[in-house]
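> I would like to see how this sequence folds:
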Amino acid sequence: MLVITLGDPFGVTIELLAGLLLRSEHTKRWPVVLVGSAWQWRDQTQRLGLPPLSFQLISSADEVRGPGLYFVDVGSAADAGPAESLSSAARGGVSVRALNWLRDVSPVPRLAVVTGPIDKHAAATAGFGYPGQTEFFADLWGQAAIMILAGPRLRVGLVTNHLALRDVSAAITKDLVVAKTLLLIQSLRQILGIQRPHIGVCGLNPHAGDQGLFGDEEVRVIGPALAEVRRTVGDSAVITGPLPADTAFYRGYNGDFTAVLAMYHDQGLGPLKTVHFDNAVNISGGLPHFRASPDHGPAADLYLQHRASSASMDQALTLAAAYLEQCGSPNT
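Predicted structure coming up:
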């Protein structure tokens, strides 16, 4: 089953998905379940002038009967209005209810989820208790996750995700760096099929601390963690670092590394989005099911303008379909 949550309605997700699903073969191969506000879907596709898609309205995953397009309507009276006029709580509410619906389908053995971007502030206003969707899925499926942004030439994993910069240093522990490095190796193998990854690991400080001159996290935490990882993986992966972050991404982009592991959100995502803004995918690695998202936010500034690139969403759907294919035949 491929489940697609529609995220925040004040954005481009419905526009992108409506266009992609019109051209897609996914619904002929798998049950594709859209989860969001049916009112928003109909309103936005009509205002965009897009041809209507035929789908079956369901409320439970138990109602899915083979390949096709299904829709779970989690909308309410509060979000039945033009998305641009909705309150933050109303927009966040529909996003949160879509994610919470997944609690009913997590036991499905072959499950891939593609999530539309949420507005984190709106979701928090509606009671979403997680800093991001990666953390939601780690809690939902009961396993630690790593946030990975994968583009055509550069792949980046994160040790810490959505965290204030002032809190990053204290959060980086030896155990965390070990765990995230191993999760990145595992994810590159299982999701992207890279059997012997070469990981370049960034330091936290300028010049990777310059032997303690600009900070000691590299000597005290990151270096010992990587030594432990090397002992654990042997020659099944190559670990290089800690490296100065100002050169690590250039080397990753030019093929020295399979992926770069960054210590914090903007250290990794700034370089990644500079070179792959339209066509990278956000993957939650280390989980029992596949979850990916486009690498951009809701993009409210492009709402209903026919200007948004569908490349990242298309790549997320392609990776999800590839995951379902490798799980086995949909008829078994």
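> The residue nearest the centre of the chain in helix, strand or coil?
The residue lying closest to the centre of the chain (C-alpha atoms, centre = their mean) is residue 282, at 3.3 Å. Under DSSP: H, G, I helix; E, B strand; the rest coil, residue 282 falls in the strand class.
> Provide the partner residues of it in its beta bridges.
With DSSP bridges as the criterion, residue 282 is bridged to residue 149, residue 293.
> That one contacts residue 149, correct?
Yes - here residue 282 reaches residue 149: they are 5.7 Å apart, a contact under C-beta atoms under 8 Å. Bear in mind the C-beta positions are built from the backbone N, C-alpha and C, glycine included.
> residues shared between the contacts of the two?
Taking C-beta atoms under 8 Å, 6 or more residues apart in numbering as the criterion, residue 282 and residue 149 both touch residue 295.
> Enumerate every residue touching residue 267.
202, 245.
> what does the domain assignment say about the chain?
Domain assignment for the chain by automatic domain parsing gives 1-143+287-332, 145-281.
> Only the buried residues of stretch 11-28, if you could.
By neighbour count on 16 or more other C-beta atoms under 10 Å, the buried set for stretch 11-28 is 11-21, 24, 26-27.
> and those residues, which of them are in strands?
Applying DSSP state E to the buried residues of stretch 11-28, no entry is found in strands.
> where does this protein dip in pLDDT?
Scanning the chain for pLDDT under 70 picks out 106, 328-332.
> can you rerun that using 90?
23-26, 52, 104-110, 209, 211-213, 278, 325-332 (pLDDT under 90).
> Check which residues of stretch 68-80 are buried.
Within stretch 68-80, judged by 16+ other C-beta under 10 Å, the buried ones are 69, 70, 71, 72, 73, 74, 75, 79.
> State whether the first one is indeed within a helix.
No - assignment of residue 69 by three-state DSSP gives strand, placing it outside any helix.
> wait, it sits on residue 21?
Yes - contact criterion C-beta under 8 Å: residue 69 and residue 21 qualify, at 6.9 Å.
> got any residues that touch both of those two?
27, 32, 53.
> Take the buried residues of stretch 68-80 and lay them out in a markdown table including distance to residue 128.
Converted to a markdown table, the buried residues of stretch 68-80 look like this (distance: C-beta to C-beta, whole Å):
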| residue | distance to residue 128 |
| --- | --- |
| 69 | 27 |
| 70 | 24 |
| 71 | 22 |
| 72 | 18 |
| 73 | 20 |
| 74 | 14 |
| 75 | 17 |
| 79 | 15 |
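> what's the most distant pair in those?
Spanning the widest gap among those are 69 and 79, at 21.5 Å by C-beta to C-beta.
> residues contacting residue 43?
Counted by C-beta under 8 Å, 6+ apart, residue 43 has contacts 82, 83.
> contact partners of stretch 69-83?
Residues contacting stretch 69-83 (C-beta under 8 Å, 6+ apart): 9-11, 21, 27, 31-41, 43-44, 53-59, 63-64, 86-87, 89-91, 93-94, 97-98, 101, 303.
> redo that, cut-off 6 Å
Stretch 69-83 has contacts (C-beta atoms under 6 Å, 6 or more residues apart in numbering) with 9-10, 27, 32-35, 37-40, 55-58, 64, 86, 90, 94, 97-98, 101.
> Using ChimeraX, define a selection of the buried residues within these.
Of the contacts of stretch 69-83, the buried ones go into a single ChimeraX selection, burial set by 16+ other C-beta under 10 Å:
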select :9,10,27,32,33,34,35,37,38,39,40,55,58,64,86,90,94,97,98,101
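> Just the contacts of stretch 69-83: which are in strands?
Among the contacts of stretch 69-83, the members falling in strands are 32, 33, 34, 35, 56, 57, 58 (criterion: DSSP E).
> mind giving me JSON lines with these and columns for distance to residue 294?
Below are these laid out as JSON lines (distance: C-beta to C-beta, whole Å):
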{"residue": "32", "distance to residue 294": "17"}
{"residue": "33", "distance to residue 294": "18"}
{"residue": "34", "distance to residue 294": "15"}
{"residue": "35", "distance to residue 294": "16"}
{"residue": "56", "distance to residue 294": "25"}
{"residue": "57", "distance to residue 294": "25"}
{"residue": "58", "distance to residue 294": "25"}
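> Now do residue 126 against residue 293, distance only.
Counting by C-beta to C-beta, to the nearest Å, the separation of residue 126 from residue 293 is 19 Å.
> more neighbours, these two?
For residue 126 versus residue 293, neighbours defined as other C-beta atoms under 10 Å are more numerous around residue 293 (27 against 21).
> isn't the more buried one right next to residue 282, touching?
Yes - applying C-beta atoms under 6 Å, one finds residue 293 in contact with residue 282, separated by 4.4 Å.
> Any idea how many residues pack against residue 29?
15.
> Let me see the contact set for it.
Residue 29 touches residue 67, counting by C-beta under 6 Å, 6+ apart.
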